[in-house]
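Trainee: got a predicted model here, sequence first, then my questions.
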Amino acid sequence: MGKKQKLTASQENYIKAIYKISKEKQAAKAKDICKQLSIGPSSVSEALKNLGERGFINYVPYDLITLTELGYSIAKDLIERQEVIQNFLVNILKVTPEAAEENANQLEHAITGDTLDKFVKFFQFSQICPCKKPKWMKGYHKYSEQGQIASNCAVCIENKDQNEYANSNCCTKGCCS
């Protein structure tokens, strides 16, 4: 995500807000951004001025605000990444959609670009893998919902250091199902 040009979390949120508002209304107004981000007008004006100077948005005070080509590209990337994190939280970890939405934005800002790239790739792979729902994931979902490890998993864990299970894929032996 090198093209982010070291934006702060706040600046990223402005760009995403402008993108979302523009999708709905064709362009954003400062008051729309204030409302979307729950931030006062003077703070929004200062941030918009900065983003305009850096080439992320087209900004003239009291006029409509649009993303530049660079800003649009960054916004799409940020939103895609947030959606991937949100989908991971909901579909893999079984977090509620409400909590996932709130946490996805926080996680996106809290981890480094390289880690986020790997996170995104892991989730994308989990969605395209022909296994669709590996047995270990079924085992995790049961553990997450019931707080207990499946009995077959418990046997694998107990015997993990023994030759019978060492360096093998115990899930092929019926575990996690």
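Mentor: That came in fine, so what should we check first? From a predicted model like this one, the values you see are computed outputs, not experimental measurements.
Trainee: list the contacts of Phe88.
Mentor: Listed by Cβ atoms under 8 Å, 6 or more residues apart in numbering, the contact set of Phe88 reads 119, 123. Just so you know, the C-beta spots here come from the backbone N, C-alpha and C atoms, and that holds for glycine as well.
Trainee: what about it, distance to Glu101?
Mentor: 12 Å (Cβ to Cβ, to the nearest Å).
Trainee: and this structure, what are its domains?
Mentor: Domains of the chain are assigned by automatic domain parsing as 2-72, 80-125, 135-173.
Trainee: rank those domains by pLDDT, which is bottom?
Mentor: Comparing mean pLDDT over the domains of the chain, the weakest stretch is domain 135-173, at a mean of 68.
Trainee: just so I have it, where are all the strands in the protein?
Mentor: Here the chain has its strands, by DSSP state E, at 57-58, 66-67.
Trainee: and the last one, which strands flank it?
Mentor: For strand 66-67, the paired strands and their directions (DSSP bridges) are strand 57-58 (antiparallel).
Trainee: so which residues make contact with the strand it pairs with?
Mentor: By Cβ under 8 Å, 6+ apart, the residues outside strand 57-58 that reach it are 15, 18, 48, 51-52, 65-68, 71.
Trainee: can you flag which of these belong to helices?
Mentor: Of these, the ones assigned to helices by DSSP state H are 15, 18, 48, 51-52, 71.
Trainee: which of those residues sits closest to Thr112?
Mentor: Ile15 (18.9 Å; Cβ to Cβ).
Trainee: could you double-check that the closest one sits in contact with Ser73?
Mentor: No: counting by Cβ atoms under 8 Å, Ile15 stays clear of Ser73, with 10.1 Å between them.
Trainee: comparing those two, which shows the higher neighbour count?
Mentor: Ile15 (26 against 14; other Cβ atoms under 10 Å).
Trainee: list the contacts of the more buried one.
Mentor: Per Cβ under 8 Å, 6+ apart, neighbours of Ile15: 7, 51, 56-57, 67, 71, 74-75, 78.
Trainee: not counting sequence-adjacent ones, nearest residue to Gly52?
Mentor: Among residues not flanking Gly52 along the chain, Tyr59 sits closest, at 3.4 Å (Cβ to Cβ, 6 or more residues apart in numbering).
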